[in-house]
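1. the following block contains a protein sequence and its predicted model.
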Amino acid sequence: MKSSQPNGKNGHSSSSGPSDKATGLRKLFENELKDIYWAEKALLKAIPKMAKKATADDLVTALQGHLSETEGQVKRLEQVFESIGTKAVAKKCEAMDGLIKEAEEIMEETAEGVVRDAGIISAAQKVEHYEIATYGTLCAFAKTLGEEDAVSLLQETLDEEKEADQKLSSIAESFINTEAADEEHEEHDDEVPVMRKKK
């Protein structure tokens, strides 16, 4: 009489169990860490370019301050890698690469002044929002995996990114957006109106 147990495996199916899911999540967690590690290192080169092109003192100060924070965030990520027993390795982040290229295009296509400053803020906030989403997800993954040290380190960076985003919003709303809009109106007012021919 044949055994009713499939493949002689005591009736257990071959579907992945909880341990397999945890392994998959850990791999995803590590890949995302490598991704944001590359992104933060790329920003160390991109932020100084943005600060150099900015004209508003408050914006320049904010960008320079965030550059210093980003240096700390790179080191913090290295601590995260160490806390989970993995070597710190960077993997190209296509999303951040695209955001940085977009920022460069904005700076090239706008004249020096408040309009360019508004564009720089727009580009910088897109970067911040990407980082906020990434660090929020990494915190959630780390909690699920029981990596408490990593959670603490990642949360610290997440808080910094949120604060940087709020600071940029404050600068934009305080005067830059209004002045940029006024400049646009002045340019339109300076245009010579085209006389229509009488029928």
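-> Perfect, I can see it now.
2. just how off-centre is stretch 112-132 within its chain?
-> Distance of stretch 112-132 from the chain centroid (Cα atoms, centre = their mean, to the nearest Å) equals 12 Å.
3. how close does the closest residue to Leu44 other than its chain neighbours get to Ala150?
-> Once flanking residues are discounted, Leu44 sits nearest to Thr70: 5.9 Å by Cβ to Cβ, 6 or more residues apart in numbering. For the C-beta atoms, the positions are set from N, CA and C on the backbone; glycine is no exception. Distance, Thr70 to Ala150, by Cβ to Cβ, to the nearest Å: 19 Å.
4. again with Val60
-> Applying Cβ to Cβ, one obtains 33 Å for the distance of Val60 from Ala150.
5. also Gln64?
-> 29 Å.
6. now do Ala88
-> 13 Å.
7. higher neighbour count, these two?
-> Ala150 (24 against 15; other Cβ atoms under 10 Å).
8. could you pull up the mean pLDDT of stretch 114-123?
-> Mean pLDDT, computed over stretch 114-123, is 94.
9. please apply the same query to stretch 130-144.
-> Mean per-residue pLDDT for stretch 130-144: 98.
10. how about stretch 57-71?
-> 96.
11. now tell me which helix or strand of this protein has the poorest mean pLDDT.
-> The least trusted helix or strand in the chain, going by mean pLDDT, DSSP states H and E, turns out to be helix 177-190, with a mean of 60.
12. which residue is nearest the middle of this protein?
-> The chain has Glu131 as the residue nearest its centroid, 2.8 Å off, counting by Cα atoms, centre = their mean.
13. okay, that one and Ala42: tell me how far apart.
-> Distance, Glu131 to Ala42, using Cβ to Cβ: 12 Å.
14. all helices of this structure, in order?
-> Per DSSP state H, the chain carries helices over the ranges 18-53, 57-83, 94-109, 114-144, 148-171, 177-190.
15. ok, now how distant is Glu40 from Val127?
-> Glu40 sits at a distance of 10 Å from Val127 (criterion: Cβ to Cβ).
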